[in-house]
Each structure stands twice: as structure tokens, then as C-alpha cells.
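Chemist: quick one, what's the 3D model for this:
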Amino acid sequence: MPVSVIFDANLAEHHTFGVSVRSRALVVVDSVASLQRTYQTADWKALPKLIVGGGSNLLFTEDFDGLVILNRILGRQVSETDAAFYLHLGAGENWHDVVSWSLDQEMPGLENLALIPGTVGAAPVQNIGAYGVELSDLCEYVDYWDCEAEEVVRLTAEQCRFGYRESVFKGDLKGRAVVVAVGLKLPKAWRPNTGYGPLAELGEDANARSIFDAVCRIRASKLPDPNQQGNAGSFFKNPIISDALFTQIQREHPEIPSYPAGPEHKKVPAGWLIDRAGLKGHRIGDAAVHTEQALVLVNQDKATPDQITSLARHVVDTVSQQYGIELEPEVRILNAKGGAGW
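Modeler: Numbering: from 1, shown residues only. Down below sits the predicted model:
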């Protein structure tokens, strides 16, 4: 059986928004075997199931009428060649702890991804990224439990079909795959990646530790601590728009920042759009746009799911009206059955 089972569980402490919602049951698994037994338990076969790591990218819009499975599969294994270190990481490992540990072990490469909340298992699902680096740049493979075939399957990075905050786990394998381990390759011929945003001040002579420290400092200064204010980090994706639309917007807003995003497209910071739309600090009930980082929506005290989603829709509508850009949530917004609650 799973490590533990709680019926009629309050999920407030299992997702960083801290909204008080409940699930029919909650279980903790710490191995592939306990995960398999959970899926094979007759009483739970027909229930919707939701895998939760750190709960840092979730917003429940109502009580979850199913089984929440907390993935606590741990493990850190390292092998190496003359060219690279190879990490095999359990899906339940805390992502930031792994980044910090890898530097302590003198294995640089993950420093730009420091202080991203959540677990290793969530990293490939979302293809996490920050400051010019994405998980897909370092991923070798992902192992997942196939809920239909009832076996562990390994996908190469190419088979994961990574995109900007996208992967096959949010597409064809949604609801079928539970990530149990991730394989990373960290080349020993390390080079600093300081070309994105404020890291440029560090210059090309920066070492991995100085980049790690800078990323932690920057993120901590911009992003509220979920232990103090419930939030899920960046609520919206940075939109990718056509060069034609960007040029049109730039005529009225010449200061608009952008980054290359493939042929004839640019990525525009969603936080800049929300900020310039005058929405910093805007509140609906206890839900608010953060006063320091407009990309973040926060639970000021006892925000309800309706208040947070109403605020999110207001942000989307306002940005659309002012810039003609339709923002998309980065956060998974879930209804009672685990489907899209947006």
C-alpha cells in the first residue's frame, strides 16, 4: 500500500497557493512499487487521480473529487565520463535542493535554474526554465509510470517533445504518465550562461556559484515567499508573438522589451505587459497582483478560487484590450475532476 492515506484531506498545505480545498483522499508514495499498488487498488480504480509534487504550479477551483497522490520517490545517482556528469534523479526530489547539491558536488550546469519551486518530477512536465536555460537543454531522458500499460517507460529528450513550458506529458500522455525519474547530462566543458536579463552584469568571467547566488538573490527579491503569501510563482506564460504584431505595438510603446523566439517571432515579458497595464496591486477580494512582480498573483489571506480566477481573467482581458496579446496561464487550473478549470 502507499506510505500513508488521508481521507477527506485538506489540500491547503500541499499546494503553494494555500487555498483551502479538499480531496476525497490523499496518498503518499515513495517508490514505483507503492505507486503501482495505488493505481491497482480496487476502491480507487475509478477515481480521478492527480499527481502532486511540491504543488507549486497548481490552482484548484473547487474541491477535487478524486485521489491526490503525493510523489515522494527519492534518489540521486551520479555517473560520469570524461565529457560529462550524468544524474539520475527521483521525481520526488526537491528541485532547488538538487541544484544546490550539484554545485556542492562540483557539477555545474543547473545554476540558472536555482530557486525554481517544485520537484524534479514536475520539471520535464513543465519544461521549467529561467535566465536563458530550460530543462530540455540538459535532459537526457525521463522515466514514467504508464498507468495503462502498468510499466515504467523511458523517453529520450527528443521523445518528450519539449517546447516553451510544454511537453508530451501535457499533451498525448496527459493523465497517463507519472514521472518517476529524470536523467540529466551536465557537460564538464562548462560555460557561463549570463546573456539573459540581469545576469549580464556578471560578465563572461562569472563562475557557477556566483550565477547561482545571483539567481537566488534576484528571484528572492522579486517573488513572494509562498509561506508568507500564497502564490504559484509566474501565473502567466511569456507570450510569443509575431514580428508584425510586435512592430505594431512598438510604434505606441517603443520601450517594450523582447527576446528572440524563432523565425519571425519574439517573446515579450508578460510581467512588463501586466505592469504597464496598471495592474500591480490590483485586488479582487483577497487575491491580488503582486506589488513587486506583476507576473505573480498572490493569496493575501483567505482568497477563494473564484477570486483568484476572476483576477486572472481581469488581467487577461486588460492586457488583451491594451496590447492585443492574449496571455495564457502557466499555472495548472483544475476543476473537481482534474480537468481544466479555466
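
Chemist: mind listing the strands for the stretch 151-300 of the chain?
Modeler: Under the criterion DSSP state E, counting those that start in this stretch, the stretch 151-300 of the chain carries strands at the ranges 151-156, 177-187, 230-234, 240-242, 259-260, 265-267, 283-284, 287-289, 296-299.

Chemist: export the ones you listed as CSV, with columns for mean neighbour count, mean pLDDT and distance to residue 7.
Modeler: For glycine as for every other residue, the C-beta is placed from the backbone atoms N, C-alpha and C. Conversion of those to CSV gives the following (neighbours: other C-beta atoms under 10 Å; pLDDT from 0 to 100; distance: least, C-beta to C-beta, whole Å):
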stretch, mean neighbour count, mean pLDDT, distance to residue 7
strand 151-156, 14, 97, 29
strand 177-187, 22, 98, 21
strand 230-234, 24, 93, 24
strand 240-242, 16, 96, 43
strand 259-260, 10, 88, 47
strand 265-267, 18, 95, 45
strand 283-284, 16, 98, 33
strand 287-289, 25, 97, 29
strand 296-299, 26, 96, 25
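
Chemist: tabulate these (a markdown table), appending distance to residue 220.
Modeler: Formatted as a markdown table, the entries for the strands of the stretch 151-300 of the chain read as follows, by distance: least, C-beta to C-beta, whole Å:
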| stretch | distance to residue 220 |
| --- | --- |
| strand 151-156 | 34 |
| strand 177-187 | 24 |
| strand 230-234 | 12 |
| strand 240-242 | 27 |
| strand 259-260 | 23 |
| strand 265-267 | 24 |
| strand 283-284 | 24 |
| strand 287-289 | 19 |
| strand 296-299 | 13 |
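
Chemist: what's the pLDDT at residue 2?
Modeler: On the pLDDT scale, residue 2 is placed at 58.

Chemist: just checking, residue 21 touches residue 65?
Modeler: No - counting by C-beta atoms under 8 Å, no contact exists between residue 21 and residue 65, whose distance comes to 10.8 Å.

Chemist: okay, these two: which has more neighbours?
Modeler: Neighbour comparison, residue 21 and residue 65: the larger count goes to residue 21, with 21 against 14 (by other C-beta atoms under 10 Å).

Chemist: so which of the strands of the stretch 151-300 of the chain comes closest to residue 275?
Modeler: The stretch from the strands of the stretch 151-300 of the chain with the least distance to residue 275 (C-beta to C-beta) is strand 287-289; that distance is 8.8 Å.

Chemist: OK, contacts around residue 66?
Modeler: With contacts defined as C-beta atoms under 8 Å, 6 or more residues apart in numbering, residue 66 is in contact with 23, 24, 47, 48, 49, 50, 336, 337, 338.

Chemist: out of the strands of the stretch 151-300 of the chain, nearest to residue 85?
Modeler: With C-beta to C-beta, the closest approach to residue 85 among the strands of the stretch 151-300 of the chain belongs to strand 177-187: 4.5 Å.

Chemist: need the phi and psi values for residue 316.
Modeler: Note on residue 316: backbone dihedrals following degrees, to the nearest 10 are phi -60, psi -50.

Chemist: which non-adjacent residue is nearest it?
Modeler: Computed as C-beta to C-beta, 6 or more residues apart in numbering, the closest residue to residue 316 that is not its neighbour in sequence is residue 327, at 5.0 Å.

Chemist: just the element for the one you found, please.
Modeler: Counting by DSSP states H and E, no helix or strand carries residue 327.

Chemist: measure the residue nearest to residue 248 when sequence neighbours are not counted to residue 212 for me?
Modeler: Leaving aside its sequence neighbours, residue 248 sits nearest to residue 324 (C-beta to C-beta, 6+ apart; 7.7 Å). Computed as C-beta to C-beta, to the nearest Å, the residue 324 to residue 212 distance reads 38 Å.

Chemist: returning to that earlier point: ChimeraX command for the buried members of the contacts of residue 66?
Modeler: Command for ChimeraX, covering only those of those found buried under the criterion 16 or more other C-beta atoms under 10 Å:
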select :23,24,47,48,49,50,336,338
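
Chemist: in the chain, what residue spans correspond to helices?
Modeler: Listed in chain order, the helices of the chain (DSSP state H) span residues 32-40, 95-104, 122-126, 208-222, 243-252, 270-276, 305-323.

Chemist: can I get these in a markdown table with distance to residue 264?
Modeler: Formatted as a markdown table, the entries for these read as follows, by distance: least, C-beta to C-beta, whole Å:
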| stretch | distance to residue 264 |
| --- | --- |
| helix 32-40 | 44 |
| helix 95-104 | 34 |
| helix 122-126 | 26 |
| helix 208-222 | 30 |
| helix 243-252 | 5 |
| helix 270-276 | 20 |
| helix 305-323 | 18 |
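
Chemist: what's across from residue 297 in the sheet?
Modeler: According to DSSP bridges, the residues that bridge with residue 297 are residue 289.

Chemist: that's all I had, so thanks and see you.
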